[in-house]
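1. mind folding the following:
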Amino acid sequence: MSATYYGILTRLGEAKQANALALGTTLKITQLSVGDGGGDGPDTPTPTPDPEQKKLIREWRRAPLNRLYVDPANENYLVAEQVLPENEGGHWIREWGLWDEDGDLVAVSNCPPTYKPLLAEGSGRTQVIRMVIMVASTAAFTLKIDPAVVLATRQYVDAGLLQKVDKADLQQSENDATPGRILRVGQAFGLGADNLLGTSNLNNITTPGFYGNSASNAATPERNYPVTRAGVLLVGTAGSAITNQLYLAYGTGEIYTRARYRDSWSAWDYVPTLSRLPVASEAVAGIGRLATAVQAQELTDTSALLTPKRLDDAFAIGRIIATGGINQQIPGGMIIKTGFFYGATGTVTFPTPFPTAALTVVGSEVAAPAGTVDFVMFQLRGLDRFKFNPELRNKAGTVPGAATIRYLAVGF
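-> Just a heads-up that it's a prediction; the model follows:
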């Protein structure tokens, strides 16, 4: 069965190829054109390539080639490649043509009909077309392009990168630290994959990177682990003489760190996290805990920190203001009662009694009859009252009468 879709050199292309082979020169291919074969509809017949052609039947696009190369499977097949961007189209593709630097059509090909849509039509795509022609010698053809105006396929870019990157430049092992190496995902000091320590001694792990220990029984003091637990090791350096290690223990969240200077390692230091810091006390350094107003009033908690506001609150919650007096409980439990009354002699009841003991009561006269001085005797009578007896005297001696008396009582 004869081929339906194929590409050939035109008569002019054959002549130029022969001339290039004879003179040892090359035929420079610059552009590829695309045509619809003479019709915009799906029923237009596919054209047959004609060696006498000097142009396409109906060309709708001509642009620089992206790539010209020899088919890896057949050294006599020349492949011309072009990328059609998504903003060009709106036509059928049935024919292709190759043009040289002189503007001559040197090769022509047909192809299976395909419609190249425009983005404005509701469906756009970037399309790659490859025109294959058989030639006597692919060495007679070269690509001449302006790299600033052509697009590249992903395959072309990937292939180019692989050619540029020498395998010797890639990391040769997980912890290959040779300067200039290209890191590999999954093989880059623990990035993207396990970098297990196994039975290594941590004193020997000085290459920067991420390391893992999956077995707690391998984390022994002899291998210089800070704790007998699986975990993750982070290593960083500052020059050849300084190394820092950070070990994160599995399951507990414990963090340990140490450093090396030249050949000397420091001891591991435990780095406490907030959730694991102890509460500060007189004997233990840790996180301070603020006292509540009640704790400030009681003055019994040895670990809570007392702020000025809480000290004020402590006095406030221990203060009772009642008709005829004030009851103030001092932080720690001591109670002071103050008040005043008017009378000649008798018993005064506190607005609130002392809960445990009444220690003393003192007072003085505030206002007495004119021409007299006072002397007041006080005597406690239990937790809730005291007795008083003021004496008012003038030049003639004791006189009857009453006075305004202020008192202060102390207890707990």
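
2. can you pull out the strands in the stretch 101-250 of the chain?
-> Assigned by DSSP state E, counting those that start in this stretch, the stretch 101-250 of the chain shows strands spanning 105-116, 127-134, 141-143, 209-213, 231-238, 242-249.

3. in its sheet, what does the last one sit against?
-> Looking back up the chat, that one is strand 242-249. Within its sheet, strand 242-249 is paired with strand 231-238 (antiparallel), strand 255-261 (antiparallel), according to DSSP bridges.

4. and the first one, by the same measure?
-> Counting by DSSP bridges, the strands paired with strand 105-116 are strand 7-9 (antiparallel), strand 91-100 (antiparallel).

5. weakest of these by average pLDDT?
-> Looking over the strands paired with strand 105-116, mean pLDDT reaches its minimum on strand 7-9, with a mean of 90.

6. ok, A230 - how many residues close by?
-> 18 (other CB atoms under 10 Å). All C-beta atoms are positioned from the backbone trio N, CA, C, and that covers glycine.

7. name the nearest residue to P351, sequence neighbours excluded.
-> Leaving out its chain neighbours, the residue that sits closest to P351 by CB to CB, 6 or more residues apart in numbering is A322, at 3.6 Å.

8. low-confidence ranges, the stretch 51-200 of the chain, go.
-> Scanning the stretch 51-200 of the chain for pLDDT under 70 picks out 138, 141-168, 184-193.

9. could you pull out the helices for it?
-> 154-164 (DSSP state H, counting those that start in this stretch).

10. same question, the stretch 251-400 of the chain
-> 293-298, 308-317.

11. quick one: residues contacting the nearest residue to G180 once chain neighbours are set aside.
-> Nearest residue to G180, sequence neighbours excluded (CB to CB, 6+ apart): D169, at 6.8 Å. Residues in contact with D169, defined by CB atoms under 8 Å, 6 or more residues apart in numbering, are G180, R181, I182.

12. same list (these) but as TSV, adding neighbour count and distance to F341.
-> Converted to TSV, those look like this (neighbours: other CB atoms under 10 Å; distance: CB to CB, whole Å):
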residue	neighbour count	distance to F341
G180	6	98
R181	15	96
I182	11	96
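
13. please report the distance of the closest residue to R310 other than its chain neighbours from S364.
-> Among residues not flanking R310 along the chain, A296 sits closest, at 4.4 Å (CB to CB, 6+ apart). Distance, A296 to S364, by CB to CB, to the nearest Å: 33 Å.

14. ok, these two, which is more surrounded?
-> The neighbour count for A296 versus S364, taken as other CB under 10 Å, is higher for A296 (24 against 12).

15. closest one of the contacts of D169 to V271?
-> Distance to V271 across those (CB to CB) is lowest for R181, with 32.2 Å.

16. quick check on that closest one: phi, psi?
-> phi -70, psi 150 (degrees, to the nearest 10).

17. residue contacts, it?
-> D169, L170, Q171, Q172.

18. can you put the residues you listed in a markdown table and add distance to S240?
-> A markdown table is the format used below for the contacts of R181 (distance: CB to CB, whole Å):
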| residue | distance to S240 |
| --- | --- |
| D169 | 23 |
| L170 | 24 |
| Q171 | 20 |
| Q172 | 21 |
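
19. for PyMOL, write a command that selects the buried ones of those residues.
-> Only the buried entries of the contacts of R181 go into this PyMOL selection, using 16 or more other CB atoms under 10 Å:
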select buried, resi 171
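
20. list just the nearest of the contacts of R181 to I242.
-> Comparing the contacts of R181 against I242 with CB to CB places Q171 closest, at 23.8 Å.

21. surely the closest one meets I182?
-> Yes. Judged on CB atoms under 8 Å, Q171 makes contact with I182 at a distance of 6.8 Å.

22. got the buried residues for stretch 314-327?
-> Residues of stretch 314-327 classed as buried: A314, G318, G325, N327 (neighbour count, 16+ other CB under 10 Å).

23. for the longest helix along the chain, which outside residues touch it?
-> Secondary structure of the chain read by DSSP state H shows that its longest helix is helix 11-23. The contact list for helix 11-23 (CB under 8 Å, 6+ apart) reads 9, 25-27, 51-52, 54, 98, 100, 104-107, 135-137, 140-141.

24. what angle do it and strand 127-134 make?
-> 60 degrees (axes from the mean of the first three to the mean of the last three CA atoms, to 10 degrees).

25. show me the domain layout of this structure.
-> For the chain, the structural domains run 7-164, 202-271, 277-317, 320-411, going by automatic domain parsing.

26. reformat those domains as TSV; add distance to D194.
-> Putting those into TSV (distance: least, CB to CB, whole Å) gives the following:
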stretch	distance to D194
domain 7-164	27
domain 202-271	6
domain 277-317	32
domain 320-411	59
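
27. coming back round to it: which one of the helices of the stretch 251-400 of the chain lies nearest to R130?
-> helix 308-317 (80.7 Å).

28. P42: what's it in contact with?
-> So P42 contacts W92, P113, Y115 (CB under 8 Å, 6+ apart).

29. by neighbour count, which of those residues wins?
-> Using other CB under 10 Å as the neighbour test, those are led by W92, with 23 neighbours.

30. isn't that residue up against G38?
-> No. Assessed by CB under 8 Å, W92 is found out of contact with G38, at 9.9 Å.
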